[in-house]
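Enquirer: My questions concern the predicted model and sequence given below.
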Amino acid sequence: MKVESYDIFLDIDFSNLRFDGKVKIKLESEADVKLNAVDLDIKKVTANASCVKHALVGEDLDVKTGKFSGTLEVDYSGTISEKLVGLYKAAYDGGYVASTQFEAVSARRMLPCVDHPAQKAEFKLAVKTDKGLEIISNTPIASSKIEGTKRIVEFQKTPRMSTYLLYLGVGKFEEVKEKHGGVEYAVATVPGKLSGARFPLDVAKGSVEFFEKYFGIKYVLPKLHLVAVPEFAAGAMENWGAITFREIALLVDKDSSVRMKKGVTDVIAHEVSHQWFGNLVTMKWWDDLWLNESFATFMAAKAGHAMFPKWRIWEEFVRLDTAGALTRDSLLNTHAIEVKVNSPEEIEEVFDDISYGKGASVIRMLEAYTGEENFMKGVRAYLHKYEYSNAAGVDLWSQIEDASKSQVKRIMSEWIKKPGYPVLTVGLNGGKLSIRQERFLFSGRSEKTTWPVPITMRLNGATKRLLMDKEEEMIDIPDGVDSVKLNIDQTGFYRVHYDGIYEKVWRADLSALDRYGIISDAYAFAFQGKTSFSEYLGLVERYTDEKEYLPAYEVSDQLASLYSLAPKSVAEASRKFHRAQLKILADKTDENSVLLRGVIAGRLALVDDDYAQEAASKFSDYERIEPDMKAAIVSGFARSTGDFDTVLKNYKSRSSEEEKARFLGGLTSYRDPSLVSRALSLAVSGEIRKQHVLNLLGGVMRNPDARDVTWNWLSNNIDWLRKIYEGVGTVSRYLTSAIPYFGIGRADEVQRFFATHKVPEAGRGIEAGMERLKVNEDFLRRIGQTNRQVIQVRER
Ligand SMILES: [Zn+2]
């Protein structure tokens with residue numbers, strides 16, 4: 001089957017949340033045509049103007065055309081959904097917009113179509129609706145007219161593209177526009193939010209300029225919309241020419257923190273990179289989804305670094321993307337980057353830390369191996385060769401291999417097809433440096449697998465590279481080893497264990513990234529048991545006076561996670577570290593230090609009652625607090641006063657999403673579990689907005705005082721939760737990260753619960769969560785905290 005074009009007309013009854021549709025599909029088919037349709041009422045189907053028989057079977061609309069060439073016309077109707085997929089209702093205080101989210105397989109909820117990424121076609125969309133409403137789609141408006149109380153808008157034809165990239169937004173949007181370099185940029189928001197539009201508009205311009213240069217191909221469309229959607233399941237979506245975002249992932253005003261600006265920049269750059277890599281050239285099928293996402297994640301860091309060099313975006317990349325993927329990939333319940341996906345549920349579930357973070361990190365490792373210039377040449381050749389068409393991962397590796405004259409296909413194939421990653425054990429053996437590789441698993445289980453590892457090392461002050469292709473490597477060092485550090489700047493996707501030679505590591509010339517790498521690996525080894533907890537805490541000591549952003553941030557992250565797990569064992573170390581860091585950062589004014597100061601203060605408020613009180617005392621002057629410090633002030637206030645109503649009132653009344661997030665954080669940080677329980681009940685009652693539910697649950701998960709109430713809530717509301725996140729992989733990802741915390745002390749009960757309450761869309765997620773729970777429980781046993789004690793502890 002080959003689809004040529006879609007000509008769509010939608011008559012949208014905005015106030016009654018329904019629409020009538022007519023779609024003309026030009027196509028050729030060797031046999032009966034199979035379209036996809038979900039929740040659509042099919043009225044009539046004609047093939048070249050004659051009525052034909054059709055039947056809806058599951059998500060397939062079978063049309064008895066036989067061998068066919070010409071135009072298929074379908075009359076149908078549908079509703080604007082309450083779920084967050086298809087054409088759905090996104091509510092805000094005082095109204096709603098209708099907006100689409102089609103990736104992966106929800107275009108079929110708005111129109112019958114061949115909903116497959118490789119079935120690219122041109123789309124012509126026309127929409128009729130109430131005349132007071134704005135209508136946004138992928139392309140500029142070609143014509144617009146008023147008929148009585150209605151407005152009819154026709155959009156320009158799109159380039160050939162996949163169905164999941166089609167966009168439609170309808171509602172009272174306001175816009176800021178600017179023409180730059182032949183492209184019209186527009187930020188669209190619901191009424192009253194345009195003050196946050198300037199910064200994202202500039203970042204979009206900067207990103208397009210960066211990618212046009214890097215890829216050597218101009219941005220294809222005449223306009224680029226950034227649409228802030230008031231309710232949105234994911235963070236953002238790269239619809240061609242009309243990128244959608246959560247408000248919090250797009251809008252930045254004078255009250256926004258540095259942290260928010262960095263996050264927003266990353267999301268915009270990511271989505272803009274997809275306009276080439278993903279939209280212009282698209283994967284053939286969803287098993288290469290990882291390539292889309294990994295590449296965009298990697299390129300976003302590149303563009304972010306070019307636009308804001310002082311932010312040191314690569315450090316953020318390593319801390320979030322690489323570290324998240326290494327953690328997830330340390331479980332037996334992981335998956336290879338490349339997975340076979342058959343059903344829509346499976347597609348949604350593989351949007352995880354592996355597809356984004358591991359893929360992106362392996363790509364970064366490849367770039368370090370081939371050299372930046374060769375890598376870029378290969379990417380350019382790939383985009384030119386497959387533009388307006390589809391390709392697979394191997395097509396990209398071929399181009400980079402040609403450009404770099406190195407073994408890219410073989411190396412990438414092994415990294416992509418094997419689950420897990422290696423740990424390298426480095427030791428001294430006579431006059432030789434020995435390096436041994438095996439798979440790293442939290443469970444401690446040994447598995448003899450080897451990868452082709454592009455190793456970089458600083459050895460006695462010089463840089464050395466090699467491709468390690470076997471289990472063990474011996475390197476002659478005639479003059480002996482004075483100093484050594486592997487994985488320079490953490491470009492490699494592996495861990496390094498130094499066998500009794502840590503003092504030689506500290507003697508090496510270490511960058512901030514290197515110092516980060518040492519403590520990051522040590523933390524994993526502490527969970528695995530390779531490193532004892534006291535040894536680990538000894539290492540943490542070394543970082544008390546750390547002056548660099550990345551290693552200090554990492555140690556803070558680790559202590560915060562450990563506090564959620566073992567508050568009693570870690571509270572003192574955490575207080576000491578965070579107090580020392582707050583002093584170091586007190587007078588610094590650069591943006592990264594301002595950001596980190598806020599993070600450190602928030603963590604200190606959780607472990608240090610005196611500090612929480614000090615923070616609470618500043619609450620009366622909240623509006624004048626610097627933006628990065630506000631979240632810490634709120635959680636200090638919540639924690640030390642137990643005042644629920646004030647925090648809730650602020651959550652509800654503030655219009656900025658960033659402010660709402662700060663107060664939502666406050667609602668999760670109470671010491672009194674009954675207050676956390678009250679916050680959780682607000683989710684079901686609707687007082688907490690649907691798109692905030694996950695943030696609420698994420699915050700609660702980290703509160704060691706709230707494990708019982710979290711589990712109670714979750715076991716009673718799992719079906720409700722599944723319903724609001726239907727069709728997206730959110731519940732699966734949440735369970736992976738939350739089970740290891742709330743499941744402590746009740747692993748059997750959790751296991752039994754999920755055995756009887758089937759959550760098919762989260763099967764992988766639950767298994768991974770259960771495995772990590774076991775790792776956590778083993779860890780707690782080793783450090784001498786039994787499970788019950790952990791639950792009963794109330795840190796004072
Ligand atoms: Zn993406």
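Expert: Cool, got the structure. Numbering: from 1, shown residues only.
Enquirer: How about the contacts made by the residue nearest to Asp352 when sequence neighbours are not counted?
Expert: Leaving aside its sequence neighbours, Asp352 sits nearest to Arg733 (CB to CB, 6 or more residues apart in numbering; 6.0 Å). For glycine as for every other residue, the C-beta is placed from the backbone atoms N, C-alpha and C. Arg733 makes contact with 351-352, 765, according to CB atoms under 8 Å, 6 or more residues apart in numbering.
Enquirer: give me the number of residues near the closest residue to Val318 other than its chain neighbours?
Expert: Spatial nearest neighbour of Val318, excluding adjacent residues (CB to CB, 6+ apart): Gln490 at 5.0 Å. For Gln490, the neighbour count with other CB atoms under 10 Å is 29.
Enquirer: can you tell me how far the residue nearest to Asp352 sits from Leu565?
Expert: Plainly put, Arg733 is 19 Å away from Leu565 if you go by CB to CB, to the nearest Å.
Enquirer: Then Lys223?
Expert: Distance from Lys223 to Leu565, counting by CB to CB: 49 Å.
Enquirer: Which one's more surrounded, those two?
Expert: The neighbour comparison of Lys223 against Leu565 (other CB under 10 Å) goes to Leu565, with 22 against 19.
Enquirer: Just the pLDDT for the more buried one.
Expert: pLDDT, Leu565: 93.
Enquirer: List the residues that contact it.
Expert: Neighbouring residues of Leu565 by CB under 8 Å, 6+ apart: 704, 741, 744, 776, 779-780, 790.
Enquirer: tell me the two of these that are most distant?
Expert: Pro704 and Phe779 (14.5 Å; CB to CB).
Enquirer: And the two? Which one has more around it.
Expert: The residue with more neighbours, out of Pro704 and Phe779, is Pro704; 22 against 19, by other CB under 10 Å.
Enquirer: Contact distance from the ion - what residues of the protein qualify?
Expert: Counting by CB under 5 Å from the ion, the positions of the chain adjacent to the ion are 293, 296.
Enquirer: What's the nearest residue in the chain when you look at the ion?
Expert: In the chain, the residue that lies nearest the ion is Ala296 (4.4 Å; CB to the ion).
Enquirer: wouldn't that residue be in contact with Asp266 here?
Expert: No. Assessed by CB atoms under 8 Å, Ala296 is found out of contact with Asp266, at 10.3 Å.
Enquirer: hang on, isn't Tyr741 packed against Asp705?
Expert: No. Assessed by CB under 8 Å, Tyr741 is found out of contact with Asp705, at 11.7 Å.
Enquirer: These two - which one has more neighbours?
Expert: The neighbour comparison of Tyr741 against Asp705 (other CB under 10 Å) goes to Tyr741, with 23 against 20.
Enquirer: Helix or strand, whichever it is, which one in the protein has the lowest mean pLDDT?
Expert: Every helix and strand of the chain was ranked by mean pLDDT, DSSP states H and E. The lowest is helix 787-792, at a mean of 42.
Enquirer: Contact partners for Glu174?
Expert: Residues in contact with Glu174 (CB under 8 Å, 6+ apart) are 188-194.
Enquirer: Check which helix or strand Ile519 maps to.
Expert: Counting by DSSP states H and E, the element that carries Ile519 is helix 512-528.
Enquirer: Specify the angle between the next helix-or-strand element following that helix and helix 512-528 in degrees.
Expert: Per DSSP H and E, helix 512-528 leads on to helix 533-542 as the next helix or strand towards the C-terminus. Per axes from the mean of the first three to the mean of the last three CA atoms, to 10 degrees, the angle that helix 533-542 makes with helix 512-528 is 160 degrees.
Enquirer: Now helix 533-542: buried residues?
Expert: 533, 536-537, 539-540 (16 or more other CB atoms under 10 Å).
Enquirer: in the stretch 601-750 of the chain, which spans are helices?
Expert: Secondary structure of the stretch 601-750 of the chain (DSSP state H, counting those that start in this stretch): helices at 609-617, 630-641, 644-653, 657-668, 673-685, 693-701, 707-724, 730-742, 747-756.
Enquirer: Just give the number of residues close to Ala269.
Expert: Counted with other CB under 10 Å, residues neighbouring Ala269 total 29.
Enquirer: Which neighbouring elements make contact with whichever strand or helix holds it?
Expert: According to DSSP H and E, Ala269 maps onto helix 258-274. With contacts defined as 3 or more CB pairs under 8 Å, 6 or more residues apart in numbering; DSSP states H and E, helix 258-274 has these neighbours: helix 198-215, strand 236-237, strand 242-246, helix 289-307, helix 313-317, helix 591-607.
Enquirer: Mind checking the pLDDT average for the last one?
Expert: It refers to helix 591-607. For helix 591-607, mean pLDDT is 96.
Enquirer: what helices or strands is that helix leaning on?
Expert: With contacts taken as 3+ CB pairs under 8 Å, 6+ apart, helix 591-607 sits against helix 258-274, helix 549-565, helix 567-585, helix 609-617, helix 630-641.
Enquirer: Export these to TSV and append columns for distance to Trp720.
Expert: As requested, the helices and strands packed on helix 591-607 are exported to TSV (distance: least, CB to CB, whole Å):
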stretch	distance to Trp720
helix 258-274	28
helix 549-565	25
helix 567-585	30
helix 609-617	33
helix 630-641	25
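Enquirer: To Lys145, which of those helices lies closest?
Expert: Judging the helices and strands packed on helix 591-607 by CB to CB, what sits closest to Lys145 is helix 258-274, at 32.0 Å.
Enquirer: for the record, mean pLDDT for the closest one?
Expert: Regarding helix 258-274, the rounded mean pLDDT is 97.
Enquirer: Could you do stretch 752-763 as well?
Expert: Averaging pLDDT along stretch 752-763 gives 90.
Enquirer: which parts of that stretch are buried?
Expert: Neighbour-count burial for stretch 752-763, counted by 16+ other CB under 10 Å, picks out 753-754, 759, 761-763.
Enquirer: okay, that stretch in PDB with CA atoms only?
Expert: Extracted in PDB, the C-alpha atoms of stretch 752-763 (Å, rounded to 0.1, in the frame of the first residue of the first chain):
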ATOM      1  CA  ARG A 752       0.900 -10.100  45.300                       C
ATOM      2  CA  PHE A 753      -1.000  -6.900  44.500                       C
ATOM      3  CA  PHE A 754       0.300  -6.600  41.000                       C
ATOM      4  CA  ALA A 755      -0.200 -10.300  40.400                       C
ATOM      5  CA  THR A 756      -3.900  -9.800  40.900                       C
ATOM      6  CA  HIS A 757      -4.200  -6.200  39.700                       C
ATOM      7  CA  LYS A 758      -2.900  -6.600  36.200                       C
ATOM      8  CA  VAL A 759      -1.500  -3.500  34.600                       C
ATOM      9  CA  PRO A 760      -0.500  -4.700  31.200                       C
ATOM     10  CA  GLU A 761       0.800  -1.400  30.000                       C
ATOM     11  CA  ALA A 762       3.300  -1.400  32.800                       C
ATOM     12  CA  GLY A 763       4.500  -5.000  32.800                       C
END
